[in-house]
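Asks: Could you look at this predicted model? Sequence included:
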Amino acid sequence: MWSSIAKRKRPTAMPDILHFEFMRNAFLAAILSSVACGIIGAYVVVRRLGFISGGIAHTAFGGIGLSYYLGLNPLAGIIPFSLAAAIGIGLLSRKAKIAEDTAIGAFWAAGMSIGVILIGLTPGYAPNLFSYLFGNILTVPDSDLQLIMGLDCLIIAMVWLFDKEFLAISFDEEYARISGLKTMALDLLMLCLIALTVVIMVRVVGIVMVIALLTIPAAVARSFSRSLYGMMALGTLFASLFSIAGLWLSWVFDLASGATIIVVAALVFLLNALFGAGKSCRTAC
Amino acid sequence: MTEPLIVCDRLCVELGGAKVLDGLSLSVHEGDFLAVLGPNGGGKTTLLKVILGLLKPTSGTVTVFGKEPGHAAGRIGYVPQRLDFDRSFPISAMEVVLMGRLSRKKLLQRYGREDRRKALKALETTGLAALAGRRIGALSGGELQRVLIARALAGEPELLLLDEPTASVDPEMKTTIYDLLDQLRKQHTIVLVTHDTGTIGRHVSRIACLNCTLDMREPGSTLGRAALEKLYHFPVDVVEHRETQTPHRHA
């Protein structure tokens, strides 16, 4: 009985949950990671790079395995693995005339396999494994927050520097090439930025669910945006709202935080899609 | 006679093992308005892609402004055929036209006031200044086509390459686009690829008919069909117009 009263009281006292340091860190991580996934998500959506992002994320599992085996911080393994996946998939599909989905599939499964083997070779039980697959935003330490902030700054700087080039290859890659741009190098650079975003998101929602936060906020933002930069800003806002709402709901109903964030995002996505479909149907009639 | 802008000499291109262009020779001079006619699959788009440096010829040579293709980015304006852009891409007509300034900018250099002024001027030339801020998803096919022409013009090119600019627009818009080209030919050398044989003859200075191969080196030198067929083992028509007084029809 007491527990049910406590549960009922919680929703009315939102700032309460901010008394805990781990919750403050969780909200900070949610907002900081939303910046990266709003900005990079816009490119992922307009260039249809969702599947390639999934490939990069899953390949990164190999990096987690390697870090366990060597006894390092998992992020030390994820960063090189996801960057290698981005460049590897990019080069294979664009240079070696291998179909992109084949290259993605190969990397995706190979990365996971390497991770599984290395974790198997490591003596003892791997306790945090689950949190890297499905995220655990409630255990983000200060050092990771600093890393996420650093990566955010790097992503913003790169997008600011290369904005006209990235816009050109996103809208019309052939024209960008004719205009003398090194589209191949720019493309790989963009994939590397996606890889860094994946690194950030692994903390929040985990490897398996990264694609959802890279695509859903940006996709919802697209229906309200007039420019790519508007889409990035709005995508960041949506991603923050989804993660804060998801985090709060997971606290109130005692659910897995990463999964709740994704479910909230998916619901909004579905509603937006249905509403959008209804609207276009009305104008067509 | 000045140096030709484009010289193709016995150009062969194979795509996936099939010969798309076979022994094509062609030259384009300053001030020309050349229409390349031919059936679908006759290699018209391939020819443009070779000139732009997007495709490498299997044999033969191409020079564009006296250099290898792909080294004259700022001097060529290209209007692609496909209008199948992602219409939901959040981008305005102005931003698309600004892309035409890319070849004039260095890496990491931002578009400035000068670029915006030139982009707006290109939009005015194509009659779209009022739609500069409109999202491309809200433009009609003809308007989008003119946005792409404006993009090519924004880079202030000497040579304009147009791939089927009238393929996906209604007849009224077709006239508008041809009128626009009539105006543009005063300052630009134009190569236009089309399968639209109806009205084109009234507007252009030379017509080349392309079905895998053609030969049209110098203005005035009309080669007989029989000679060409014998030479290249392909059915080929060559028609040249130096003046535009008579409408041209060809089967």
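Replies: Perfect, I can see it now.
Asks: hey, C-alpha coordinates of the strand or helix carrying A:Leu188 in CSV?
Replies: Here A:Leu188, judged by DSSP states H and E, is contained in helix A:183-204. Output of helix A:183-204 as CSV, limited to C-alpha atoms (Å, rounded to 0.1, in the frame of the first residue of the first chain):
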residue,chain,number,x,y,z
THR,A,183,32.6,13.9,-52.8
MET,A,184,34.1,10.6,-51.8
ALA,A,185,36.2,12.2,-49.0
LEU,A,186,33.2,14.3,-47.9
ASP,A,187,31.0,11.3,-47.9
LEU,A,188,33.5,9.4,-45.7
LEU,A,189,33.8,12.4,-43.4
MET,A,190,30.0,12.4,-42.9
LEU,A,191,30.0,8.7,-42.2
CYS,A,192,32.7,9.3,-39.5
LEU,A,193,30.5,12.0,-37.9
ILE,A,194,27.7,9.4,-37.9
ALA,A,195,30.1,7.0,-36.2
LEU,A,196,30.9,9.6,-33.5
THR,A,197,27.2,10.2,-33.0
VAL,A,198,26.8,6.4,-32.6
VAL,A,199,29.5,6.5,-29.8
ILE,A,200,27.5,9.1,-28.0
MET,A,201,24.1,7.3,-28.4
VAL,A,202,25.4,3.9,-27.2
ARG,A,203,25.5,5.4,-23.7
VAL,A,204,22.0,6.6,-23.9
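Asks: Can you show me the strands along chain A?
Replies: Remark: strands of chain A are absent; assignment by DSSP state E.
Asks: Would you mind naming what in it lies close to chain B?
Replies: A:46, A:161-165, A:167-168, A:170-172, A:174-181, A:222, A:225-228, A:230-231 (Cβ under 8 Å from any Cβ of the partner chain). (C-beta placed from N, C-alpha, C; glycine too.)
Asks: Buried ones among those?
Replies: A:46, A:162, A:164-165, A:167-168, A:170-172, A:175-181, A:222, A:225, A:227-228, A:231 (16 or more other Cβ atoms under 10 Å in any protein chain shown).
Asks: rewinding a little: what average pLDDT does the helix holding A:Leu188 get?
Replies: Throughout helix A:183-204, pLDDT has a mean value of 93.
Asks: what packs against the longest helix along chain A?
Replies: Looking across chain A with DSSP state H, the single longest helix is helix A:257-284. Counting contacts by 3 or more Cβ pairs under 8 Å, 6 or more residues apart in numbering or on different chains; DSSP states H and E, helix A:257-284 packs against helix A:210-222, helix A:228-253.
Asks: Where do the strands of the stretch 151-251 of chain B begin and end?
Replies: Taking DSSP state E, counting those that start in this stretch as the test, the strands found in the stretch 151-251 of chain B are B:159-163, B:189-194, B:206-209, B:215-216.
Asks: low pLDDT regions in chain B?
Replies: Along chain B, the model assigns pLDDT under 70 to residues B:1, B:82-84, B:197-199, B:201, B:211-251.
Asks: who in it is up against chain A?
Replies: B:52-54, B:73-74, B:76, B:78, B:80, B:85-86, B:88-92, B:95-96, B:98-99, B:102-103, B:105, B:107-108, B:110-111, B:135, B:151, B:155.
Asks: ok, B:Val28 - how many residues close by?
Replies: Number of residues near B:Val28 (other Cβ atoms under 10 Å in any protein chain shown) recorded here: 25.
Asks: list the contacts for it?
Replies: The contact partners of B:Val28, by Cβ atoms under 8 Å, 6 or more residues apart in numbering or on different chains, come to B:4-6, B:34, B:159, B:189, B:191.
Asks: Nearest residue to it in space, ignoring adjacent ones along the chain?
Replies: The shortest distance from B:Val28 to any residue other than its chain neighbours is 4.1 Å, reached at B:Ile6 (Cβ to Cβ, 6 or more residues apart in numbering or on different chains).
Asks: Could you double-check that that neighbour sits in contact with B:Ile51?
Replies: Yes: between B:Ile6 and B:Ile51 there is a contact under Cβ atoms under 8 Å: 6.0 Å.
Asks: Tell me the spacing between A:Ala195 and chain B.
Replies: 22 Å (Cβ to the nearest Cβ, to the nearest Å).
Asks: For A:His58, see how far away that residue is.
Replies: For A:Ala195, the distance to A:His58 (Cβ to Cβ, to the nearest Å) stands at 12 Å.
Asks: for A:Leu118, same thing?
Replies: For A:Leu118, the distance to A:His58 - Cβ to Cβ - is 15 Å.
Asks: And the two? Which one has more around it.
Replies: A:His58 (26 against 21).
Asks: Give me the spatial nearest neighbour of that one, chain neighbours excluded.
Replies: A:Trp108 (4.5 Å).
Asks: Could you do B:Gly133 as well?
Replies: B:Ser92 (5.4 Å).
Asks: those strands in the stretch 1-150 of chain B, which residues are they?
Replies: B:6-15, B:18-28, B:33-37, B:59-64, B:76-79.
Asks: The first one packs against which elements?
Replies: In other words, strand B:6-15. Counting by 3+ Cβ pairs under 8 Å, 6+ apart, strand B:6-15 packs on strand B:18-28, helix B:44-52, strand B:59-64.
Asks: Now with 6 Å, please.
Replies: Applying 3 or more Cβ pairs under 6 Å, 6 or more residues apart in numbering or on different chains; DSSP states H and E, we find strand B:6-15 packed against strand B:18-28, strand B:59-64.
Asks: CA atoms only: put the first one into PDB for me.
Replies: These are the backbone C-alpha positions of strand B:18-28, laid out as PDB (Å, rounded to 0.1, in the frame of the first residue of the first chain):
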ATOM      1  CA  ALA B  18      27.700  -2.800 -73.900                       C
ATOM      2  CA  LYS B  19      28.900  -0.100 -76.300                       C
ATOM      3  CA  VAL B  20      27.000   3.100 -75.600                       C
ATOM      4  CA  LEU B  21      29.100   5.400 -77.700                       C
ATOM      5  CA  ASP B  22      31.100   4.100 -80.600                       C
ATOM      6  CA  GLY B  23      33.600   6.200 -82.500                       C
ATOM      7  CA  LEU B  24      32.000   9.500 -81.900                       C
ATOM      8  CA  SER B  25      33.700  12.600 -83.100                       C
ATOM      9  CA  LEU B  26      32.300  16.000 -82.400                       C
ATOM     10  CA  SER B  27      33.500  19.600 -81.900                       C
ATOM     11  CA  VAL B  28      31.600  22.500 -80.400                       C
END
